[in-house]
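>>> give me a 3D structure for the following:
(2 chains)
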Amino acid sequence: MATRTARDLTGPLLTARAVTRSFGPAVVLAGVDLIIGAGETVALLGGSGSGKSTLLRVLAGLDGDAGGEHTVHGTAAVVFQEHRLLPWKRVADNVALGLTGPDVDDRVGRALAEVGLADRGRAWPAELSGGQAQRVAVARALVREPDLLLLDEPFGALDALTRLRMQGLLRRLRAQHGFAALLVTHDVEEALLLADRVLLLDDGVIAEEVPVRLGPTPSPDDPALGALRRHLLDRLGVPAG
Amino acid sequence: MSGPALAEAIPAVVPDRATPRRSRARASRRWRRAVSPVVLVLAWEVAARTGLLAAEKLPAPSAVLATGWRLARDGTLGVHLLDSLTRAALGLLIGGGLALVLGAAAGLLRLGDDLVDPPVQMARMLPHLGLVPLLIIWVGIGESLKVTLVALGAFFPIYFNTYAGIRDIDERLVEAARTCGLGAAARLRHVVLPGALPALFLGLRLAIGAAWLSLVVGEQVNAQTGVGFLMMEAREFSQTDVVVLGLLIYALLGLASDLLIRYAERRTLAWRRGLRAT
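Numbers count the residues shown, from 1 in each chain, chains lettered A, B, ... in the order given. Down below sits the predicted model:
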């Protein structure tokens, strides 16, 4: 993964303009503008049903019925809330899905090692725990050496401890590989700990943009974090207790 | 002296002790289940030997086996069995192949669904064995009648299970494969086909059952060879032992094909047992 192909990384990686999507009479996205630069991590925060997953699906090219325009310069990979591993393929074959070339085995092995599952390549997905399966899903995205990682509540289905470990893993991988990421989440804390920028999706538009400046390894005890968290929770309609 | 006592105290030993007891219980249960069939066959044998059952109504099982051995040795049985198997294989191939193509078309394509599914759903209501008089008018009473009947019997289970197998595939897995850059053909190979395979196996098992049933009926219409012909001819000469032998062969054919499919299923669908394997 050290051999990143040289690409023009001067401009923005992802540009989306006036993205709209409605399901029947219900307008979910009412014109979203979004720009993500190289190496930047952007968290997309919103209440349940705010359309944040819908937006990610549009950006991932999985929704043909959306309006507006969006372009990804470079390659993108997706990690979903569920691991979405093919149950009939062993872990290594799931990671290798769609890859070609003579060094696929090596690349798969390295990707699995990076998520700490080097020895589980021969296992069936059904034999893995929830956290392990999600790590394989991360490896499946990583092995494609993406410029942009699209993450749809990737740790939402995991228990609190595993979630913390996964957040640490993601931070480490991002530091190593320098990919940009769009992280869809409903977890304010997670958004603040992982992102350089938090976007608040409300009423189908980006209602607010909050830059996060907590340093490279933010601690949950940082007082600046508390103020930001309070502000975002207010915007999400959670009153102070 | 303290060594063994310590080993006894380790809780890990407990399952080791429990397992043989449970497997012994399972083995004894299996033997118990074999008791009543054996008793029934023995009672049949005794009743036939003592004349309680007239030989022309139901000959002794030993007599049936002796007849089977005689017919197998002079080659008669082999010839008829081969003809029956050929008809079954040919019918399965034609009916199953057609069902696979049409079921896949209806399952994968909206147009295919709209065009193919309604007539198939209508035809399903016809009992295919009831079509024999019409089929005789259409294709005659020769070999094509038997093969057509088998093909018809095999078509419906494979069609419906192909269709259902494809429709039941988790859309989210297809989506994930798309984000991994898989095109339509690759998605078909890596997601749709393996995902539909359990349903396809079920369809195949049902189809083989229907194929034997169709063969039993088809071979009673003007056949010159085959297990069914053997039985019909024997009936005319009141050779009840041959009639019973024919029934036994049909049953064994059904059993053998079912075991074969189950073996293939176990080999191909190993991932489903993944949880139990470790």
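>>> closest residue of chain A to chain B?
A:Trp124 (3.2 Å; C-beta to the nearest C-beta). Where C-beta positions appear, they are placed from N, C-alpha and C, glycine not excepted.
>>> list the helices and strands the helix or strand harbouring B:Ala256 packs on?
Using DSSP states H and E, B:Ala256 sits in helix B:240-268. Other helices and strands packing on helix B:240-268, by 3 or more C-beta pairs under 8 Å, 6 or more residues apart in numbering or on different chains; DSSP states H and E, are helix B:61-73, helix B:76-108, helix B:193-218, helix B:227-236.
>>> now for the longest helix along chain B, which elements pack on it?
If you go by DSSP state H, chain B has its longest helix at helix B:13-49. Contacts defined by 3+ C-beta pairs under 8 Å, 6+ apart place helix B:13-49 against helix B:61-73.
>>> any idea how far A:Asp105 is from A:Ala224?
45 Å (C-beta to C-beta, to the nearest Å).
>>> circling back to that earlier point, got TSV for the helices and strands packed on helix B:240-268, with mean pLDDT too?
As requested, these are arranged in TSV below (pLDDT from 0 to 100):
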stretch	mean pLDDT
helix B:61-73	94
helix B:76-108	95
helix B:193-218	93
helix B:227-236	90
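>>> check whether the residue of chain A closest to chain B really touches A:Arg90, as I assumed.
Yes: counting by C-beta atoms under 8 Å, A:Trp124 touches A:Arg90, with 6.1 Å between them.
>>> mutual contacts of these two, please.
Residues touching both A:Trp124 and A:Arg90 (C-beta atoms under 8 Å, 6 or more residues apart in numbering or on different chains) are B:Trp271.
>>> distance of whichever residue of the stretch 1-150 of chain B sits closest to chain A relative to B:Leu259?
Using C-beta to the nearest C-beta, the closest approach of the stretch 1-150 of chain B to chain A is made by B:Arg110 at 14.5 Å. Look at B:Arg110 and B:Leu259: by C-beta to C-beta, they are 39 Å apart.
>>> same deal with B:Gly130?
In terms of C-beta to C-beta, B:Gly130 sits 31 Å off from B:Leu259.
>>> let's verify the residue nearest to A:Ile206 when sequence neighbours are not counted: helix, strand, or coil?
Nearest residue to A:Ile206, sequence neighbours excluded (C-beta to C-beta, 6 or more residues apart in numbering or on different chains): A:Leu199, at 5.1 Å. Going by DSSP: H, G, I helix; E, B strand; the rest coil, the secondary structure assigned to A:Leu199 is strand.
>>> picking that back up, tabulate the helices and strands packed on helix B:240-268 in a markdown table, adding columns for distance to chain A and mean neighbour count.
Converted to a markdown table, the helices and strands packed on helix B:240-268 look like this (distance: least, C-beta to the nearest C-beta, whole Å; neighbours: other C-beta atoms under 10 Å in any protein chain shown):
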| stretch | distance to chain A | mean neighbour count |
| --- | --- | --- |
| helix B:61-73 | 42 | 16 |
| helix B:76-108 | 18 | 20 |
| helix B:193-218 | 4 | 21 |
| helix B:227-236 | 38 | 19 |
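>>> I'd like the mean pLDDT over stretch A:35-50, please.
The average pLDDT within stretch A:35-50 is 90.
>>> pull that stretch out as PDB, backbone CA atoms only.
Output of stretch A:35-50 as PDB, limited to C-alpha atoms (Å, rounded to 0.1, in the frame of the first residue of the first chain):
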ATOM      1  CA  ILE A  35     -16.400  19.300  -1.300                       C
ATOM      2  CA  ILE A  36     -13.800  17.000   0.200                       C
ATOM      3  CA  GLY A  37     -10.200  17.700  -0.200                       C
ATOM      4  CA  ALA A  38      -7.400  15.100  -0.400                       C
ATOM      5  CA  GLY A  39      -6.500  13.500   2.900                       C
ATOM      6  CA  GLU A  40      -9.400  15.200   4.700                       C
ATOM      7  CA  THR A  41     -11.800  13.500   7.000                       C
ATOM      8  CA  VAL A  42     -15.300  14.900   7.000                       C
ATOM      9  CA  ALA A  43     -18.000  13.600   9.300                       C
ATOM     10  CA  LEU A  44     -21.600  13.900   8.200                       C
ATOM     11  CA  LEU A  45     -23.800  14.200  11.300                       C
ATOM     12  CA  GLY A  46     -27.500  14.100  11.400                       C
ATOM     13  CA  GLY A  47     -30.500  12.700  13.300                       C
ATOM     14  CA  SER A  48     -32.000   9.400  12.200                       C
ATOM     15  CA  GLY A  49     -33.900   9.800   8.900                       C
ATOM     16  CA  SER A  50     -32.000  13.000   8.100                       C
END
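>>> list the buried ones in it?
For stretch A:35-50, the neighbour count (16 or more other C-beta atoms under 10 Å in any protein chain shown) marks A:36, A:38-46, A:50 as buried.
>>> ok, and of these, which contact chain B?
Among the buried residues of stretch A:35-50, no residue sits close to chain B (C-beta under 8 Å from any C-beta of the partner chain).
>>> now render those as TSV, adding distance to B:Glu45 and secondary structure.
Listed next are those as TSV, based on distance: C-beta to C-beta, whole Å; DSSP: H, G, I helix; E, B strand; the rest coil:
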residue	distance to B:Glu45	secondary structure
A:Ile36	83	strand
A:Ala38	86	coil
A:Gly39	85	coil
A:Glu40	85	coil
A:Thr41	81	strand
A:Val42	82	strand
A:Ala43	80	strand
A:Leu44	79	strand
A:Leu45	80	strand
A:Gly46	78	coil
A:Ser50	78	coil
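>>> and B:Ala176, what does it touch?
Contacts of B:Ala176 (C-beta under 8 Å, 6+ apart): A:78, A:80, A:84-86.
>>> if we use 10 Å, what do you get?
A:62, A:78-80, A:82-86, A:94, A:97, A:137, A:140, B:170, B:182, B:191 (C-beta atoms under 10 Å, 6 or more residues apart in numbering or on different chains).
>>> which of those fall within helices?
A:94, A:137, A:140.
>>> mean confidence for the host helix or strand of A:Ala113?
Assigned by DSSP H and E, A:Ala113 belongs to helix A:104-114. Averaging pLDDT along helix A:104-114 gives 94.
>>> in terms of secondary structure, what does that helix contact?
Applying 3 or more C-beta pairs under 10 Å, 6 or more residues apart in numbering or on different chains; DSSP states H and E, one finds that helix A:104-114 contacts helix A:91-95, helix A:130-142, helix A:160-177.
>>> can you add mean pLDDT and distance to chain B and give the ones you listed back as TSV?
TSV is the format used below for the helices and strands packed on helix A:104-114 (pLDDT from 0 to 100; distance: least, C-beta to the nearest C-beta, whole Å):
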stretch	mean pLDDT	distance to chain B
helix A:91-95	96	9
helix A:130-142	94	7
helix A:160-177	90	18
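>>> want to try TSV for those, with distance to B:Leu115 and mean neighbour count as columns?
Converted to TSV, these look like this (distance: least, C-beta to C-beta, whole Å; neighbours: other C-beta atoms under 10 Å in any protein chain shown):
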stretch	distance to B:Leu115	mean neighbour count
helix A:91-95	36	23
helix A:130-142	37	23
helix A:160-177	48	15
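>>> closest one to A:His186 among these?
Closest of those to A:His186 is helix A:160-177, at 12.5 Å (criterion: C-beta to C-beta).
>>> got the angle for that closest one vs helix A:104-114?
130 degrees (axes from the mean of the first three to the mean of the last three C-alpha atoms, to 10 degrees).
>>> could you report the neighbour count for B:Ala60?
Neighbour count of B:Ala60, defined by other C-beta atoms under 10 Å in any protein chain shown: 20.
>>> and the nearest residue to B:Leu253 once chain neighbours are set aside, how far from B:Pro119?
Of all residues not flanking B:Leu253 in the chain, B:Trp212 sits nearest, at 6.1 Å (C-beta to C-beta, 6+ apart). Computed as C-beta to C-beta, the B:Trp212 to B:Pro119 distance reads 26 Å.
>>> burial of the residue of chain A closest to chain B, as a residue count?
So A:Trp124, with other C-beta under 10 Å, has 22 neighbours.
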